[in-house]
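> here you go, sequence then predicted model.
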Amino acid sequence: MSKVVVVTGAAGGVGTAACDLLELEGWKVIGVDRLPVDRPGSLQVDIADADALTDALTSLSRVDALVNNAALHLYKALIDTTVDEWDAVAAVNIRGAFVCIKALHSHLAKTGGAVVNVSSVHASATSHSIAAYAATKGGLAAFTRAAAIEMAPFGVRVNAVLPGAVDTPALQAGFSRQPGAEQALIDRTPLARIGHPTEIAHAVSFLIDKERSAFITGQELIVDGGALARLSTE
C-alpha cells in the first residue's frame with residue numbers, strides 16, 4: 001500500500017513542487033487548496049474554514065505524513081493593516097496548521113507519521129511591511145516545537161522547514177513593487193541566487209522520511225542560501 005501524504009497549499013509554488021517530488025518518490029499525494037488542484041484525490045477547501053477543513057481531512061482513510069504549506073502573504077505596513085487582514089493571515093498560516101494536525105492526529109498516530117510545517121526565515125529575521133506574515137511564521141516555528149513534544153508519545157515527528165527567498169509568484173509580486181529588489185537580494189545571499197521550489201520540496205521529503213530523519217523532531221531546517229548566516233550590518 002502506498003504511503004499517503006497530505007500537502008496544503010498545493011495549487012502553486014512550493015506546494016506544487018512538493019506534490020510533484022513526493023509523487024515521483026512513490027507517495028500517494030492528496031493536495032489541499034482553496035483553488036482547484038489538478039491531481040487525483042485532491043481536496044478543494046479553504047484552509048481558513050476550520051469546519052470545512054476538518055470535515056475534508058477526517059474523511060480520509062489513511063495518512064502517513066502532513067505538509068502544512070498553505071500560506072497567505074500580506075505586504076502592508078503594520079499601522080495600515082486591519083484587524084480582519086491580520087486575522088485572515090493568521091487563519092491560514094498558523095491556525096490552519098493546528099486544525100490539520102488536530103484533524104489528522106489519529107491517522108498519523110496509527111502510521112507513526114510525520115508533520116512538516118513550512119515556516120519562513122521571517123520567523124527569525126524579517127523586513128518592513130510584512131508584520132502579519134512574520135508574526136504567523138514565527139508562531140508556526142514555535143508551534144512546531146510544542147507539537148513535537150505533544151506528538152512524540154504517539155510516535156509522530158513534527159519539524160519545520162524555513163525557506164528563504166524562493167522563486168514563487170509571491171516573491172515575484174514583491175519584486176514588482178521594488179525595482180532592483182531582486183538583484184539586491186541576490187547580492188546579499190551568500191550562494192548568490194534565489195532558491196527553487198524543488199529545493200524546498202527536497203527538504204520536506206527528507207523530514208517526512210522515516211529512515212533518513214527518524215531521530216529528528218522539533219527542529220527547524222533553514223533553506224535560504226546562507227542568508228540568515230550573514231550579519232545584516234555587513
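Structure received.

> just the strands in the chain please.
For the chain, the strands defined by DSSP state E occupy 4-8, 28-33, 43-44, 65-68, 114-118, 157-163, 220-223.

> which helices and strands does the shortest one pack with?
Counting contacts by 3 or more Cβ pairs under 8 Å, 6 or more residues apart in numbering; DSSP states H and E, strand 43-44 packs against strand 28-33. All C-beta spots, glycine's among them, are computed from the backbone N, C-alpha and C.

> okay, the angle between the strand it packs on and strand 4-8?
Strand 28-33 runs at 20 degrees relative to strand 4-8, counting by axes from the mean of the first three to the mean of the last three Cα atoms, to 10 degrees.

> would you mind listing the buried residues in strand 28-33?
28, 29, 30, 31, 32, 33 (16 or more other Cβ atoms under 10 Å).

> also stretch 54-67?
Quick answer for stretch 54-67 (16+ other Cβ under 10 Å): 54, 56, 57, 63, 64, 65, 66, 67.

> can I get that stretch in PDB? Just the C-alpha atoms.
The C-alpha trace of stretch 54-67 is given here as PDB (Å, rounded to 0.1, in the frame of the first residue of the first chain):
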ATOM      1  CA  THR A  54     -11.800  19.300   9.400                       C
ATOM      2  CA  ASP A  55     -14.600  17.600   7.600                       C
ATOM      3  CA  ALA A  56     -12.500  17.100   4.500                       C
ATOM      4  CA  LEU A  57      -9.500  15.700   6.300                       C
ATOM      5  CA  THR A  58     -11.300  13.400   8.700                       C
ATOM      6  CA  SER A  59     -12.900  11.700   5.700                       C
ATOM      7  CA  LEU A  60      -9.600  10.300   4.700                       C
ATOM      8  CA  SER A  61      -8.900   6.600   5.500                       C
ATOM      9  CA  ARG A  62      -5.100   6.800   5.900                       C
ATOM     10  CA  VAL A  63      -2.400   9.500   6.300                       C
ATOM     11  CA  ASP A  64       1.300   8.800   6.800                       C
ATOM     12  CA  ALA A  65       2.500  12.400   6.500                       C
ATOM     13  CA  LEU A  66       1.200  16.000   6.600                       C
ATOM     14  CA  VAL A  67       2.900  19.000   5.000                       C
END
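
> measure stretch 48-68 end to end?
13 Å (Cα to Cα, to the nearest Å).

> out of the buried residues of strand 28-33, which comes closest to residue 122?
residue 33 (21.7 Å; Cβ to Cβ).

> so what's the gap between stretch 163-170 and the chain middle?
Its chain's C-alpha centre and that of stretch 163-170 lie 12 Å apart, by Cα atoms, centre = their mean, to the nearest Å.
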